[in-house]
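In: no sequence on this one, just coordinates:
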């Protein structure tokens, strides 16, 4: 896979002609989130090193000194549309014709899976989306992919990206929040892709995933899911009993 780097500029210091790999940020936290997402693929571009000292601290920080706020999906959501999907990853995904094993998206039947297996770049995970799913049947002749299918594809990408990043299959995930901004129709005759930024820990707890649905190199929809993962089913069932007042 070819090397892919992103140039980070503070707003107001960006060059006149921006390239797809150029990202404009407003805050130091934006830079920290991008570093958590992209690791050393981020190159901070400063005109004045003294003026941008606080930003440079984040750019030069060891990733071990940075961390997600697992209860603030808005942080990753604020940068996800700034990250250009690498062309080589899109090329690999476009050739995929099989869906990811159903256990990654917590389905019993393979026919209910809407995404391919994953391609990963640092802490950003990519999937190809599909149009047909057994459990959701359209009752109108739409010339675009149904919004409910896009929601389900993004939900499945959230679950799968957590597992790709190391969350075990023994845990039980419960969604706690969702947000979707539908921007434009996803056409049926062209491939679409899901870019996911999962913020999670293998041992469970609060976590989230920001996502963007991409077609023709444009973002058609974006949003995030919040979740809580119990380490095992026993802990989950105990919590359910408490909530029921048992």
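Out: Yep, that arrived. Predicted model only: the values in this text are computed from it and were never measured.
In: Run the chain-centre distance for whichever strand or helix holds residue 159.
Out: Using DSSP states H and E, residue 159 sits within helix 147-164. Relative to the centre of its chain, helix 147-164 is centred 9 Å away, using Cα atoms, centre = their mean, to the nearest Å.
In: Now tell me what touches it from outside.
Out: Outside helix 147-164, the residues that touch it by Cβ atoms under 8 Å, 6 or more residues apart in numbering are 100, 104-107, 113-115, 118, 120, 125, 127, 129-131, 133, 136, 169, 173, 175, 178, 180, 182, 186, 194, 196, 198, 200, 207, 209, 211, 213, 220-221, 223, 225, 227, 229. In short, each C-beta sits where N, CA and C put it, glycine included.
In: are any of the residues you listed buried, and which?
Out: Burial by neighbour count, 16 or more other Cβ atoms under 10 Å: within the contacts of helix 147-164 this picks out 100, 104-105, 107, 113-115, 118, 125, 127, 129-131, 133, 173, 180, 186, 194, 196, 198, 200, 207, 209, 211, 213, 220-221, 223, 225, 227, 229.
In: Return the list of helices and strands in contact with the longest strand along the chain.
Out: Across the chain, the strand with the greatest residue count (assigned by DSSP state E) is strand 218-230. With contacts defined as 3 or more Cβ pairs under 8 Å, 6 or more residues apart in numbering; DSSP states H and E, strand 218-230 has these neighbours: helix 73-80, helix 147-164, strand 172-182, strand 205-215.
In: can you list these in CSV and add distance to residue 34 and mean pLDDT?
Out: Conversion of the helices and strands packed on strand 218-230 to CSV gives the following (distance: least, Cβ to Cβ, whole Å; pLDDT from 0 to 100):
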stretch, distance to residue 34, mean pLDDT
helix 73-80, 6, 97
helix 147-164, 17, 96
strand 172-182, 20, 95
strand 205-215, 12, 97
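In: between the ones you listed, which gets nearest to residue 237?
Out: If you check each of the helices and strands packed on strand 218-230 against residue 237 by Cβ to Cβ, strand 172-182 wins as the nearest, at 8.5 Å.
In: helices or strands next to that closest one in the packing?
Out: helix 73-80, helix 147-164, strand 218-230, helix 233-244.
In: Pick the most buried one from the ones you listed.
Out: Comparing the helices and strands packed on strand 172-182 by mean neighbour count (mean count of other Cβ atoms under 10 Å), helix 147-164 ranks first with a mean of 23.
In: beta partners for the residue nearest the centre of the chain?
Out: Central residue of the chain (Cα atoms, centre = their mean): residue 196, 1.5 Å from the mean position. For residue 196, the residues forming beta bridges with it (DSSP bridges) are residue 125, residue 211.
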